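**Q** Below is the sequence, then the predicted model.
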Amino acid sequence: MGDKEEQKALWQDKLLARKIATALADWFCKNGRLLPWRETTDPYKIWLSEIILQQTRIDQGTAYYFDFLKAFPTIESLAQASEEEVLRLWQGLGYYTRARNLHKAAQKIVQEEGGVFPSSFEKIRALPGVGDYTAGAIASFAFGLSYPAVDGNLQRVLSRLYASCEPIDTAAGKRLYLHLAHQIIREGDASVLNQALMDIGATVCTPRLPLCNSCPLEPFCKVANLPQAVDFPIKKRKVPLKDLYFFFFYLVDGEGKIAIEKRKKKDIWQGLYQLPLIESETPLKQKELREKVEQMWGAEVAEHVEGKVLRARHILSHRRLHLTFYRSSITTLFDDSKTPWCEYRLISAEDLEQFPLPAAIFKYLPSFLEE
Ligand code: SF4
C-alpha cells in the first residue's frame, strides 16, 4: 500500500471508530445499566467491584460488594484486616487468589502510596491481581483516562463487529482487540464507551443469541443479522480440564468436635480451611484409599473409613474435582509434623462456618450431614 492509500485507510478507520463511538454513547445514555459502582468515581469502590465481578454474576457480586464496603469502608481498613477475615467475607465467590490479592494490593497502597489509590494506569496495573482489563476499567471509570477495558465480552463484540478471524486466545489476537477497542474509546469519553461496550457484550451481543435488531452497532457490524455471528469469536485451543480426586473426611472425636485443616500449599485454596483431605490425580479403589489414610493419619482412622459417603462433582476454571465425603470417628487429633502442608485443629461443628471454606466443601457438606 502506498503512503496515500495508507493515510486514506487510516482516515477511514478513524471515521468509522468515531461513528461507532457516537452510536455507543447515545445508546448508553438510554440503555446503560444502573449499577451501584457506576454511581461513584471513587477508585477504591470501583476496584472492589471489578475484582468481585471477575468470574462472578452481577446479582451475586452486588451483595458481596456491599458487604465488603460495610466491613472495610476504606483502603486502610481493608489493609489492616487479617487475611482470614478477608477470605471469610469472600467465601462463596471462589477463585480465592482474587481475595488474597485484594488484601495485598490494599497493603501495598497503604505502604507505598500513603493510602491514596494510584491514579496512573501503570501504577494501577502494578497492583497485585490487576490485569490490563481491570487497570483499564479503573483508569477510565475513576480517572477518565483513555484506556480500553477488554474482557471476553468485549472481545466477542469486537470480533463480530469487524468479523475478525484472529483468535482471542493468542498474543496477536489480544493485541488486535486491545487496539480495536482503543481506536473506539479514544473518540469520546472512555468511561462511557467502555461501559457501553461492556453492556452490549453482556445484554445484547450475547454468546448464543445476538440481538442485532437492538444493537447500536448493527449499521457497522460485518456479521449483523447473519447466522455466522455466533461463530465469533474464534478460539485457537481449548484447555482440557484436569481431573482431581478429593476424599474428604468428616472426623468426629469423643466430645463431638470435628477435625479441620488449614491448607498451607501454594495452590488452590491456599489459606482456606477444609476437612482433612486425601488428594489424588487418579481415582482410588477402597483398598488404595485405606492405605493412603493409614500412611497419613494412622491405622485407627483407616479402620473407620467406611460408613456414610457422598459423591459430588465440582468444576473449577481448569480442574474438575471428583469429591467424596466420608464420615468417621477419631480419638485423638493427628500429629501435623508429618504433614507440613496443612495444620490441623479440632473445633465444634457449629463453629465451622466461622472459617473460610472452599465452595466445594460448604456447598456439599450440608447435604452430606443431613442424609
Ligand atoms: Fe453483535 Fe449483532 Fe451487534 Fe454485531 S450487530 S455487535 S453481531 S449484536
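**A** Everything's here; your move.

**Q** Could you list the low-confidence segments of the stretch 251-371 of the chain?
**A** Applying pLDDT under 70 to the stretch 251-371 of the chain picks out residues 304-308, 371.

**Q** Smallest gap between it and the ligand, at which residue?
**A** Ser317 (25.7 Å; C-beta to the nearest ligand atom). Using the backbone N, CA and C atoms, a C-beta is placed for each residue, glycine as well.

**Q** Of all residues in the stretch 51-200 of the chain, which one is closest to the ligand?
**A** As assessed by C-beta to the nearest ligand atom, the ligand sits closest to Arg160 within the stretch 51-200 of the chain, at 4.0 Å.

**Q** any idea of the mean pLDDT in the helix or strand hosting that residue?
**A** Assigned by DSSP states H and E, Arg160 belongs to helix 152-161. Taken as a whole, helix 152-161 has an average pLDDT of 96.

**Q** got it, and stretch 8-28?
**A** Here the average pLDDT along stretch 8-28 is 92.

**Q** in it, what counts as buried?
**A** Leu16, Ala17, Ile20, Ala21, Ala23, Leu24, Ala25, Trp27, Phe28 (16 or more other C-beta atoms under 10 Å).

**Q** where does the residue lying closest to Val150 once chain neighbours are set aside land in three-state SS?
**A** Closest residue to Val150 apart from its sequence neighbours, by C-beta to C-beta, 6 or more residues apart in numbering: Ala181 at 5.0 Å. At Ala181 the chain is in helix, as set by DSSP: H, G, I helix; E, B strand; the rest coil.

**Q** What is the lengthiest helix in the chain packed up against?
**A** Using DSSP state H, we find that the single longest helix of the chain is helix 3-31. For helix 3-31, the packing partners by 3 or more C-beta pairs under 8 Å, 6 or more residues apart in numbering; DSSP states H and E come out as helix 171-185, helix 190-199.

**Q** Highest mean neighbour count out of those helices?
**A** Highest mean neighbour count among these (mean count of other C-beta atoms under 10 Å): helix 190-199, with a mean of 24.

**Q** Check which element follows that helix along the chain.
**A** Helix 190-199 is succeeded, C-terminally, by strand 242-252 (DSSP H and E).

**Q** Which of the buried residues of stretch 8-28 sits closest to Pro219?
**A** Ala23 (7.4 Å; C-beta to C-beta).

**Q** mind listing what the nearest residue to the closest one once chain neighbours are set aside touches?
**A** Closest residue in space to Ala23, ignoring its immediate chain neighbours: Pro216 at 4.3 Å, by C-beta to C-beta, 6+ apart. Contacts for Pro216 (C-beta atoms under 8 Å, 6 or more residues apart in numbering) come out as Ala23, Leu24, Asp26, Trp27, Ala196, Ile200.

**Q** hang on, the earlier thing: the residue of the stretch 251-371 of the chain closest to the ligand: neighbouring residues, count only.
**A** Residues within reach of Ser317, counting by other C-beta atoms under 10 Å, total 10.

**Q** Now that it has come up, it's in contact with Arg98, right?
**A** No - using C-beta atoms under 8 Å, Ser317 is not in contact with Arg98; the gap is 11.6 Å.

**Q** one step back: excluding its backbone neighbours, what's nearest the residue of the stretch 51-200 of the chain closest to the ligand?
**A** Looking at Arg160 with C-beta to C-beta, 6+ apart, the closest residue is Phe232, at 4.6 Å.

**Q** Equivalent analysis for Ala71, please.
**A** Leu89 (5.8 Å).

**Q** neighbours of the one you found, just the number please.
**A** 18.

**Q** roughly how far apart are it and Asn101?
**A** In this view, Leu89 and Asn101 are 15 Å apart by C-beta to C-beta, to the nearest Å.

**Q** What of Lys19?
**A** From Lys19 to Asn101 the distance is 39 Å (C-beta to C-beta).

**Q** And for Leu369?
**A** 33 Å.

**Q** contacting residues for Pro283?
**A** With C-beta under 8 Å, 6+ apart, Pro283 has these contacts: Tyr245, His322.

**Q** now with 6 Å?
**A** Tyr245 (C-beta atoms under 6 Å, 6 or more residues apart in numbering).

**Q** for the ligand, what are the nearby residues on the stretch 101-250 of the chain?
**A** Proximity of the stretch 101-250 of the chain to the ligand, by C-beta under 6 Å from any ligand atom, involves residues 157, 160-161, 204-205, 210-212, 215, 217-218, 221, 223-224, 229.

**Q** Need the buried ones from those residues selected in ChimeraX.
**A** Selecting only the buried entries of those in ChimeraX, with 16+ other C-beta under 10 Å as the criterion:
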select :157,160,161,204,205,210,212,215,217,218,221,223,224,229
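
**Q** which residues of the stretch 251-371 of the chain fall in strands?
**A** Using DSSP state E, counting those that start in this stretch, the strands of the stretch 251-371 of the chain run over 257-263, 273-274, 277-280, 309-315, 319-329, 342-348.

**Q** ok, the third one: who's next to it in the sheet?
**A** On the basis of DSSP bridges, the sheet neighbours of strand 277-280 come out as strand 242-252 (antiparallel).

**Q** My guess is the residue nearest to Val150 contacts Asn153. True?
**A** No - counting by C-beta atoms under 6 Å, Ala181 stays clear of Asn153, with 11.4 Å between them.
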